[in-house]
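> From the sequence below, what's the structure:
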Amino acid sequence: MSTGAIGHRICCFGDSLVNGVRDGEKGGWPMRLGRRLLDEAKREVTIYNLGIRAETTDGLKARWKFEAELRMVPEFPTVLMFSFGVNDANHAEDRGEETTMRVSPAKSAGNAAEIIGAAAELAPTLWIGPQAVINGSRSSQEINERLEGLNQIYLETARGFDVPYLDLFQRTLEDETWQRALRRGDGYHPDKAGYDRLAEMIWDWDGLKRAVGLIE
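Residues are numbered from 1 along each chain as shown. Reported below is the predicted structural model:
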């Protein structure tokens, strides 16, 4: 384990659950992560919250590398963090009882492989799997069923690129703190307590700690 104020630049890419929509403290889990790295680990990190609300993997694929390279400098190590999937799984078109995904599973899988494969060649990369939406109506249950499928695809993709993957789908589907926070939010975005819980799960992850040198 290394010590001292290592100035990592951590780029956090994703959608509104990265951005922190409905977070009373603003900043979502990236802000909380940066605060804990500074206060508890004494690391002089720079956190870039690069989440865009409603963005699918189509949009992320088009922008992430340009935005990452703008923030990379030789003097400081860079870590790239990604979390996406909910918008791909969301309803694109409602035809009575039938709905279609905004991005098909095959397209989402292809986008994810392209993003993560290129990111892993550019800098140390971490992948946080999609979080469950509220376990309630038939509509949200359908989204969760899609997310469960995407999560398995993403997990296998991460293994293929040897990229650490934090599998959060089942945990957030069953976690009462997360589900209560979604009920206080809008069913897709939690309130402050949900972001606190999500940040705690990420903070406890060995993949993160290894990437920033807190453990071997």
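> Specify the beta-bridge partners of the most centrally placed residue in the chain.
By Cα atoms, centre = their mean, the chain has its centre lying nearest to residue 83, at 2.1 Å. Beta-bridge partners recorded for residue 83 (DSSP bridges): residue 14, residue 128.
> Relative to residue 73, how far out is it?
Separation of residue 83 from residue 73 (Cβ to Cβ, to the nearest Å): 24 Å. (C-beta placed from N, C-alpha, C; glycine too.)
> Same question for residue 8.
From residue 8 across to residue 73, the span is 11 Å (Cβ to Cβ).
> on that earlier part again, quick check, pLDDT for the residue nearest to the centre of the chain.
We have a pLDDT of 98 for residue 83.
> which residues touch it?
Each residue near residue 83 by Cβ atoms under 8 Å, 6 or more residues apart in numbering is listed here: 12, 13, 14, 15, 17, 18, 127, 128, 129, 130, 131.
> Work out for me the element the fifth one sits within.
To tie it back to what came earlier, the one meant is residue 17. helix 16-19 (DSSP states H and E).
> From the contact counts, what lies against that helix?
When contacts are defined as 3 or more Cβ pairs under 8 Å, 6 or more residues apart in numbering; DSSP states H and E, helix 16-19 packs onto helix 28-39, strand 46-51.
> With mean neighbour count, distance to residue 156 and mean pLDDT as added columns, please give these in a markdown table.
Formatted as a markdown table, the helices and strands packed on helix 16-19 follow (neighbours: other Cβ atoms under 10 Å; distance: least, Cβ to Cβ, whole Å; pLDDT from 0 to 100):
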| stretch | mean neighbour count | distance to residue 156 | mean pLDDT |
| --- | --- | --- | --- |
| helix 28-39 | 20 | 24 | 97 |
| strand 46-51 | 20 | 24 | 98 |
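> and the closest residue in space to residue 173 that isn't next to it in sequence, how many residues sit next to it?
Leaving aside its sequence neighbours, residue 173 sits nearest to residue 132 (Cβ to Cβ, 6 or more residues apart in numbering; 3.9 Å). Counted by other Cβ atoms under 10 Å, the residues lying close to residue 132 total 23.
> okay but residue 132 is in contact with residue 172, surely?
Yes: counting by Cβ atoms under 8 Å, residue 172 is a contact partner of residue 132 at 4.3 Å.
> Now do the shared contacts for those two.
Joint contacts of residue 132 and residue 172 (Cβ under 8 Å, 6+ apart) are 178, 179.
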